[in-house]
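Asker: The following comprises the amino acid sequence and a computationally predicted model.
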Amino acid sequence: MSFTSKLKKYASLIVQSGLNVQKGQTVVISGSIESYQLIREVTKQAYARGAKEVVVSYSDDEITRMKYQNLPAEEFKKVPAWLASFKNDYAKENACFLYIDDSNPELLAGIDPQKMANWQKAAYQAFDQYYELSDNMTNSWCIVGGATKQWANKVYPDMSDTEAVNALWNAIFRACKIDEQSDPNLIWQKHKESFERRVRHLNELNIKKLYYKNGKGTEITIGLNPDYLFAGGGSYLKNGIYNFPNIPTEEIFTSPNKDDVEGIVFSTLPLSYGGHIVDDFYLRFKDGKVIDYGAKTGYDILRGIIETDEGSHCLGEIALIPYHSPINEMKTLFYSTLFDENASCHMALGKGFSECLKGGIDMNKEELLQNGINDSFVHVDFMMGSEDLMIEGILEDGSRVKIFENGDFVF
């Protein structure tokens, strides 16, 4: 199958299953200039599906780096009014948002991490209406991958530029289940059904806590909320529309009780965050909060994440992915959280999900906090799964049930 044929199938998957674009809906796309072929094909198919308008916001890694090199940290505390209006106004019009993950994983290497921290916090505050509508399951959004030269060179350092970009595109297509014979939307419908079976089982167990242990040194107990819900694959919006926020995805996830986490967890894959790499790190928790941490690479970046606000000291998500997942079996380190988090069990510091609590999508932030769902300006996934990971569920009556053995689901 030619690259053009694969790209068309990929765009179809994004438009129909990722965003689930509805007739008369505006589509807002963010991606780099190198992803123009994918963006054009998505635009074409979105209009064919009945989109009202497709609005594209292009970026350029080189220009982005120049900005971070030349502007002082204080300037990154300011978000232009026009940019806030752009995001918030389209969200209020029920637009759907596509983000193409295609940046150089080390785009901001050597840049003062405080600049990125300032921008993350300022943007969260300025785009408040956008985030509120996303968090309460009103707007659909989707993150997908797009192969670019700098990213491809990081993943495949021994190849030429052309070879590396082609290899990365093929890896993306494979991870997203694009094949020659089948409609990817039908494949992902079956993928959805497999998630739903496991989610239903986990939600019926009435788990009080999860206990994790592996040979890396992780040993941690995480409390769940009394009305917890696991979710998996995609999500149902308030209007009943189903979409996949991440393509690819292999995860089943929930938001734990923010105040009930005890123990230590070690990373098993590098974390690419804001153009920086954090690797070989650990987090120690007590009463739900990080009380100690360390990293062999990117310590200052890790510190900046944790110190963003009060909520960034706590977990907002725990996700279950079998070690022998299709993406992990590709034996490719993508240096992209979108892909690497689907090769390994992961957790996330920061904001939790309203959909992971019964009735949560109808609660405000204060009500979610009162019911154990964390809130923060950030949500940062990190990978901690391993081939020997064991996870037990501790039930309300004190009995235990095995969830994971040797890195995989036992059911």
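Answerer: Happy to help now that I have it. Numbers count the residues shown, from 1 in each chain.
Asker: Now residue 373. Nearest residue, chain neighbours left out?
Answerer: Nearest non-adjacent residue to residue 373, counting by CB to CB, 6 or more residues apart in numbering: residue 352, 4.1 Å away. (Glycine included, C-beta is placed from N, CA and C.)
Asker: And that neighbour, which helix or strand is it part of?
Answerer: Secondary structure assignment for residue 352, by DSSP states H and E: no helix or strand.
Asker: residues near it, how many?
Answerer: 31 (other CB atoms under 10 Å).
Asker: same deal with residue 214?
Answerer: When neighbours are counted by other CB under 10 Å, residue 214 comes out with 22.
Asker: Over to residue 374?
Answerer: Applying other CB under 10 Å, we find 27 residues neighbouring residue 374.
Asker: got a list of what the residue lying closest to it once chain neighbours are set aside touches?
Answerer: Excluding its sequence neighbours, the residue lying closest to residue 374 (CB to CB, 6+ apart) is residue 258, at 3.9 Å. Residue 258 is in contact with 288, 311, 314, 315, 316, 352, 369, 372, 373, 374, counting by CB atoms under 8 Å, 6 or more residues apart in numbering.
Asker: Drop the exposed ones from those residues and show what's left.
Answerer: 288, 311, 314, 315, 316, 352, 372, 373, 374 (16 or more other CB atoms under 10 Å).
Asker: I'd like the residues you listed laid out as CSV, including distance to residue 207 and secondary structure.
Answerer: Below are the buried ones among the contacts of residue 258 laid out as CSV (distance: CB to CB, whole Å; DSSP: H, G, I helix; E, B strand; the rest coil):
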residue, distance to residue 207, secondary structure
288, 17, coil
311, 23, helix
314, 19, coil
315, 15, strand
316, 18, strand
352, 16, coil
372, 14, coil
373, 16, coil
374, 18, coil
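Asker: and of the residues you listed, the nearest to residue 234?
Answerer: Lowest distance from residue 234 to the buried ones among the contacts of residue 258 (CB to CB) belongs to residue 352, with 18.0 Å.
Asker: Name the nearest of the contacts of residue 258 relative to residue 127.
Answerer: residue 311 (17.0 Å).
Asker: which residues touch the closest one?
Answerer: Contacts of residue 311 by CB under 8 Å, 6+ apart are 258, 350, 351, 374, 375, 376, 377, 378.
Asker: can we see that at 6 Å?
Answerer: Contact analysis of residue 311 by CB atoms under 6 Å, 6 or more residues apart in numbering lists 374, 375, 376.
Asker: and the nearest residue to it once chain neighbours are set aside, how far is that from residue 407?
Answerer: Leaving out its chain neighbours, the residue that sits closest to residue 311 by CB to CB, 6+ apart is residue 376, at 3.0 Å. Between residue 376 and residue 407 the distance is 29 Å, computed by CB to CB, to the nearest Å.
Asker: The stretch 51-200 of the chain: helices as residue ranges?
Answerer: 61-70, 81-92, 113-126, 128-135, 149-155, 161-175, 184-204 (DSSP state H, counting those that start in this stretch).
Asker: Next, format those as TSV and append mean pLDDT, mean neighbour count and distance to residue 236.
Answerer: Conversion of the helices of the stretch 51-200 of the chain to TSV gives the following (pLDDT from 0 to 100; neighbours: other CB atoms under 10 Å; distance: least, CB to CB, whole Å):
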stretch	mean pLDDT	mean neighbour count	distance to residue 236
helix 61-70	98	14	35
helix 81-92	98	15	19
helix 113-126	95	19	25
helix 128-135	96	18	14
helix 149-155	98	21	32
helix 161-175	98	18	24
helix 184-204	95	15	11
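Asker: and residue 397, which of those is closest to it?
Answerer: helix 184-204 (14.6 Å).
Asker: Tell me who's in contact with residue 122.
Answerer: Contact analysis of residue 122 by CB under 6 Å, 6+ apart lists 77, 79.
Asker: And it, how far from residue 23?
Answerer: Look at residue 122 and residue 23: by CB to CB, they are 35 Å apart.
Asker: all strands for the stretch 251-400 of the chain, in order.
Answerer: 252-254, 261-266, 271-273, 276-286, 289-297, 315-320, 346-350, 379-383, 390-395, 400-405 (DSSP state E, counting those that start in this stretch).
Asker: Show me which positions of the fourth one end up buried.
Answerer: When you say that, I think you mean strand 276-286. Neighbour-count burial for strand 276-286 flags 276, 277, 278, 281, 282, 283, 285 (criterion: 16+ other CB under 10 Å).
Asker: which secondary structure elements does that strand contact?
Answerer: For strand 276-286, the packing partners by 3 or more CB pairs under 6 Å, 6 or more residues apart in numbering; DSSP states H and E come out as strand 261-266, strand 289-297, helix 299-306.
Asker: Need the nearest residue in space to the residue nearest to the spatial centre of the chain, chain neighbours excluded.
Answerer: The centroid of the chain falls nearest to residue 338 when counting by CA atoms, centre = their mean (5.4 Å). Nearest non-adjacent residue to residue 338, counting by CB to CB, 6+ apart: residue 101, 4.8 Å away.
Asker: Turn the contacts of residue 311 into CSV, including distance to residue 42 and pLDDT.
Answerer: What follows is the contacts of residue 311, written out as CSV (distance: CB to CB, whole Å; pLDDT from 0 to 100):
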residue, distance to residue 42, pLDDT
374, 33, 98
375, 32, 97
376, 31, 96
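Asker: ok, so of those residues, who is nearest residue 32?
Answerer: Looking across the contacts of residue 311 and measuring by CB to CB, the closest to residue 32 is residue 376, at 27.0 Å.
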